[in-house]
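Enquirer: Turn this into a structure:
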Amino acid sequence: MMAQTPQTEAEFLASYDPKAFDAPLATVDVSIFTVIEGALHVLLIKRDEFPFKGAWALPGGFVDLSQDNGLDATAMRKLQEKTGVEASHLEQVQTIGNLSRDPRGWSLTVLYFALMSAESVTLNPGAGATEAAWHKLKGGQVEPPLAFDHAKLLKRAFARLQNKARYTMLPGYVLAEEFTLTELINIYRILLEEDLDNPMMRRRLLRSGMLEETGSMREGGNRPAKLYRYARAASNHVFDRNLEAGK
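Expert: Numbering: from 1, shown residues only. Here you go, the predicted structure:
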């Protein structure tokens, strides 16, 4: 006997079987960057589960259909579960999916990234991670081999980090509330891995309108240095040209 064709959308949805089609494994992976002792670092966890048990990886995991109301919620939950880090904001980088990236089967992952101060977090590994640690990053690469395709994911997140650093206030997320221009320029140098022209950077930052003087000075060195903070509108600021595009 042939099944009756639904006459309304409500009837269709009531009879629809979401398991009628194969579905890929669905995960998120998170690249958290910071600056420690003048060098860029990324947060990694050591896996306590197969596959790749004992290997370093980006924190992440499977979407939970029963408790995650969106991918952002999954990313924040898995980051906290794996590392103890609570992020106020994560940005999507890219969705990657294929048959070869996970030995368990056809898999897709949504890659996220954020830049934050290491001083603002306390690492507390859990939920399948024996360790959580900051690893020094150079050219988008870390020294230990990474699980799955995480080396490729990390390079993509690093490229997004550098791109955003060239035209937004993103570098300020690793600084204290008050900072000198030299401290801010050094963060740009670390993130972009470039020896930026100091006078040019000072001019561009000062005329951007995203900084304001605090009225205080930083003592030390050859002479006291003015302290700045981000203006209220700084979060919406975009440079009219990328930093490498000229003065």
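Enquirer: any idea how far the closest residue to residue 85 other than its chain neighbours lies from residue 34?
Expert: Excluding its sequence neighbours, the residue lying closest to residue 85 (CB to CB, 6 or more residues apart in numbering) is residue 121, at 4.8 Å. C-betas here are computed from N, CA, C, even on glycine. Noted for residue 121: a distance of 8 Å to residue 34, by CB to CB, to the nearest Å.
Enquirer: Neighbour count for these two, which is higher?
Expert: More crowded of residue 121 and residue 34, by other CB atoms under 10 Å: residue 34, with 21 against 18.
Enquirer: Now do the contacts for that one.
Expert: Residues near residue 34 by CB atoms under 8 Å, 6 or more residues apart in numbering: 40-43, 115-118, 134, 174.
Enquirer: hang on, isn't residue 231 packed against residue 210?
Expert: Yes - with contacts counted by CB atoms under 8 Å, residue 231 reaches residue 210, the gap being 5.6 Å.
Enquirer: chain center to the lowest-mean-pLDDT helix or strand in the chain: distance?
Expert: The least trusted helix or strand in the chain, going by mean pLDDT, DSSP states H and E, turns out to be helix 198-207, with a mean of 88. Distance of helix 198-207 from its chain centroid, counting by CA atoms, centre = their mean, to the nearest Å, is 27 Å.
Enquirer: And stretch 36-54, by the same measure?
Expert: 14 Å.
Enquirer: sorry, back to before: let's see which of the contacts of residue 34 end up in strands.
Expert: 40-43, 115, 134 (DSSP state E).
Enquirer: and the two most separated of these?
Expert: 115 and 134 (12.8 Å; CB to CB).
Enquirer: which other helices and strands contact the longest helix along the chain?
Expert: Longest helix in the chain by number of residues (criterion: DSSP state H): helix 150-165. Counting contacts by 3 or more CB pairs under 8 Å, 6 or more residues apart in numbering; DSSP states H and E, helix 150-165 packs against strand 25-36, strand 91-98, strand 107-115, helix 181-192.
Enquirer: Check which residues of that helix are buried.
Expert: Buried residues in helix 150-165, counted by 16 or more other CB atoms under 10 Å: 150-151, 153-154, 156-158, 160-162, 164-165.
Enquirer: what do you get for stretch 30-49?
Expert: Here stretch 30-49 shows 30-35, 40-47 as buried, counting by 16+ other CB under 10 Å.
Enquirer: And stretch 185-204, by the same measure?
Expert: Applying 16+ other CB under 10 Å to stretch 185-204 flags 185-192, 201, 204 as buried.
Enquirer: hmm, back to that, next structured bit after the least confident helix or strand of the chain?
Expert: Counting by DSSP states H and E, the element after helix 198-207 in chain order, helix or strand, is strand 211-218.
Enquirer: That next one pairs with which strands?
Expert: Take DSSP bridges as the rule and strand 211-218 pairs in its sheet with strand 225-230 (antiparallel).
Enquirer: could you check the angle helix 181-192 makes with the partner strand?
Expert: 60 degrees (axes from the mean of the first three to the mean of the last three CA atoms, to 10 degrees).
Enquirer: Please state the offset of strand 225-230 from the chain centre?
Expert: Counting by CA atoms, centre = their mean, strand 225-230 comes out at 26 Å from the chain centroid.
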